[in-house]
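A.B. asks: let's see this in three dimensions:
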Amino acid sequence: MRILSISAFYPPYVIGGAELCAHSLTYWFAANGHEAAVLTAAPMVEHESWATPQDGYTLYRVNTPHIYPVFRASQAPGWKKPIWHAQDHYDPRNEAMFEKVIDDFKPDFIHIHWISGLGYNGLKVIGRHDIPTAITLHDLAYACLRTTMFRGSDECVEQCTNCRLSSKVKMGFLREIPRLGFISPSQSNLDTISSLLPIEDYPRFHILNPNRYPAPRVTHAPADKVRLLFVGRLEKTKGINFLLELLDQLSATYDFHLTVLGKGPEDHALRATYGERPWLTMQGHVPQQIVADIMAESDLLVVPSLWAENSPGVVFQALVNALPVMGSDKGGLPELIEPGVNGMLVPPATRSNGARRSSMCSTAPNSCSFCASRRRSRPSAMTMTGWPSR
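C.D. replies: Numbers count the residues shown, from 1 in each chain. Model (predicted):
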């Protein structure tokens, strides 16, 4: 079977788990006898690559007509964003690009991970060719222009006018695909999307992401302080601002060290405020192998997200590597974290429950020890065995 995966982001250009999922699954397709290809966006014209043979698959890395590439979305000025979204919905050059790729590769099946940044109207082209298609819902992008249903410091209680109009357009494109199904890594995300979009008549599945992660090259060893770890994009929805503010208050009382891995729009401000703190190390974006090594040397992964996370790959990687997780009790995190077995759940990070979060920090050493003896209880649930065949 000829399988085309679509993901605007794709290694080595990585900001989250969707592109890692696309990468892992593409390799699985190729390894199991399928002819695989990937359609992705190019950061700049000089990065374009047309039908380039990779390690067992074909790569189409294309330049898009957007006013700025999707890779620069967080840095783009506000006045450009409406133009970008209009292009992402309607620019006919998007359709021409999809036609060119489909005509060249001639896929029997399409798997969409992240189409924003390549053009939602590319869905119309897929429909015209009547190609069976599965869409993995890595976030809330089909219902929310921000992809998170989160604005400022609060969750959206309902769709705003712009998001309602956008989702109607997207739903119209989706209806043009005769054979379509949806996959979500978490039941929580699938339920949320289903409450916002009329997709109840389509096949829908809750299936974990098939990500693979490198094994650590070091082993865990005890330390005289709690070694906390945050891995993710540095933006407010991830709770990183609240976490550093809270730990700064606790640093005079408790002995711990936090390592932060990742970059994002809050990077500069956080470094300016906390960069010289002795209890903090900010290493920026690092390769997956380094993440695995640092996980092996840590005692607790902290996932203090304010928004409803879907099914974070960093949690999978932590649990596979026997690292307990402290996560917000919302979204898909409770589906992965079993309190007292492989981690703990706490209220989402807000100032009003800071005292409760402080209590969790004070009991972290004992909690880590308790979890450590049980954290390998369900490792098979965190592998990709059997996933692709489903």
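
A.B. asks: for residue 95, give me its contacts.
C.D. replies: For residue 95, the contacting residues are 119, 121, 122, 124, 125, by Cβ atoms under 8 Å, 6 or more residues apart in numbering. Bear in mind the C-beta positions are built from the backbone N, C-alpha and C, glycine included.

A.B. asks: repeat that with 10 Å
C.D. replies: 119, 121, 122, 123, 124, 125, 128 (Cβ atoms under 10 Å, 6 or more residues apart in numbering).

A.B. asks: buried stuff in the helix or strand encompassing it?
C.D. replies: According to DSSP states H and E, residue 95 maps onto helix 92-105. When burial is assessed from 16 or more other Cβ atoms under 10 Å, helix 92-105 yields the following buried residues: 94, 95, 97, 98, 101, 102, 105.

A.B. asks: next secondary structure after it?
C.D. replies: strand 109-114.

A.B. asks: show me what counts as buried in the next helix-or-strand element following that following strand.
C.D. replies: Sequence-wise, the next helix or strand downstream of strand 109-114 (DSSP H and E) is helix 122-128. For helix 122-128, the neighbour count (16+ other Cβ under 10 Å) marks 122, 123, 124, 125, 126, 127 as buried.

A.B. asks: again with stretch 156-176
C.D. replies: 156, 159, 163, 166, 167, 170, 173, 174.

A.B. asks: and stretch 103-115, by the same measure?
C.D. replies: 105, 107, 109, 110, 111, 112, 113, 114, 115.

A.B. asks: now render those as a markdown table, adding distance to residue 261.
C.D. replies: Shown next, in a markdown table, are the buried residues of stretch 103-115 (distance: Cβ to Cβ, whole Å):
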| residue | distance to residue 261 |
| --- | --- |
| 105 | 35 |
| 107 | 36 |
| 109 | 35 |
| 110 | 33 |
| 111 | 28 |
| 112 | 28 |
| 113 | 23 |
| 114 | 22 |
| 115 | 28 |
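
A.B. asks: would TSV of the residues you listed with pLDDT and distance to residue 297 be doable?
C.D. replies: TSV is the format used below for those (pLDDT from 0 to 100; distance: Cβ to Cβ, whole Å):
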residue	pLDDT	distance to residue 297
105	98	43
107	98	43
109	98	41
110	98	41
111	98	36
112	98	37
113	97	31
114	96	32
115	98	38
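
A.B. asks: what sits against residue 60?
C.D. replies: Per Cβ under 10 Å, 6+ apart, neighbours of residue 60: 4, 6, 37-42, 48-52, 97, 100-101, 104-105.

A.B. asks: what helix or strand is it on?
C.D. replies: strand 57-62.

A.B. asks: after that strand, next one along is what?
C.D. replies: Next along the chain from strand 57-62, counting by DSSP H and E, comes helix 81-90.

A.B. asks: residues of that next one that come out buried?
C.D. replies: Within helix 81-90, the residues that count as buried by 16+ other Cβ under 10 Å are 84, 85, 87, 88, 89.

A.B. asks: can you pull the contacts of the last one?
C.D. replies: Taking Cβ under 10 Å, 6+ apart as the contact definition, residue 89 lies against 116, 119, 120, 121, 165, 166, 169, 170, 173.

A.B. asks: need the pLDDT of the residue lying closest to residue 20 once chain neighbours are set aside.
C.D. replies: Using Cβ to Cβ, 6 or more residues apart in numbering and skipping the chain neighbours, the partner closest in space to residue 20 is residue 211 (5.3 Å). You'll see residue 211 listed with a pLDDT of 84.

A.B. asks: I figured residue 211 hits residue 14, correct?
C.D. replies: No - applying Cβ atoms under 10 Å, one finds residue 211 not in contact with residue 14, separated by 11.7 Å.

A.B. asks: these two: which is more packed in?
C.D. replies: More neighbours surround residue 211 than the other of residue 211 and residue 14, with 24 against 15 (other Cβ atoms under 10 Å).

A.B. asks: how many residues are close by residue 221?
C.D. replies: Residues near residue 221, counting by other Cβ under 10 Å: 7.

A.B. asks: backbone torsions only: list them for the closest residue to it other than its chain neighbours.
C.D. replies: Spatial nearest neighbour of residue 221, excluding adjacent residues (Cβ to Cβ, 6+ apart): residue 297 at 7.4 Å. For residue 297, the backbone dihedrals are phi -100, psi 0 (criterion: degrees, to the nearest 10).

A.B. asks: same check on the one 3 residues further on?
C.D. replies: As for residue 300, its main-chain torsions (degrees, to the nearest 10) stand at phi -160, psi 130.

A.B. asks: list the beta-bridge partners for it.
C.D. replies: Beta-bridge pairing for residue 300 (DSSP bridges): residue 228.

A.B. asks: related to what we said a few turns ago, need the contacts of residue 95 in TSV (columns: pLDDT and distance to residue 139).
C.D. replies: Shown next, in TSV, are the contacts of residue 95 (pLDDT from 0 to 100; distance: Cβ to Cβ, whole Å):
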residue	pLDDT	distance to residue 139
119	98	17
121	98	20
122	98	18
123	98	17
124	98	22
125	98	23
128	98	27
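
A.B. asks: give the contact list for the closest residue to residue 176 other than its chain neighbours.
C.D. replies: Leaving aside its chain neighbours, residue 176 sits nearest to residue 127 (3.3 Å; criterion: Cβ to Cβ, 6+ apart). For residue 127, the contact set (Cβ under 10 Å, 6+ apart) comprises 133, 173, 174, 175, 176, 177, 178, 179, 180.
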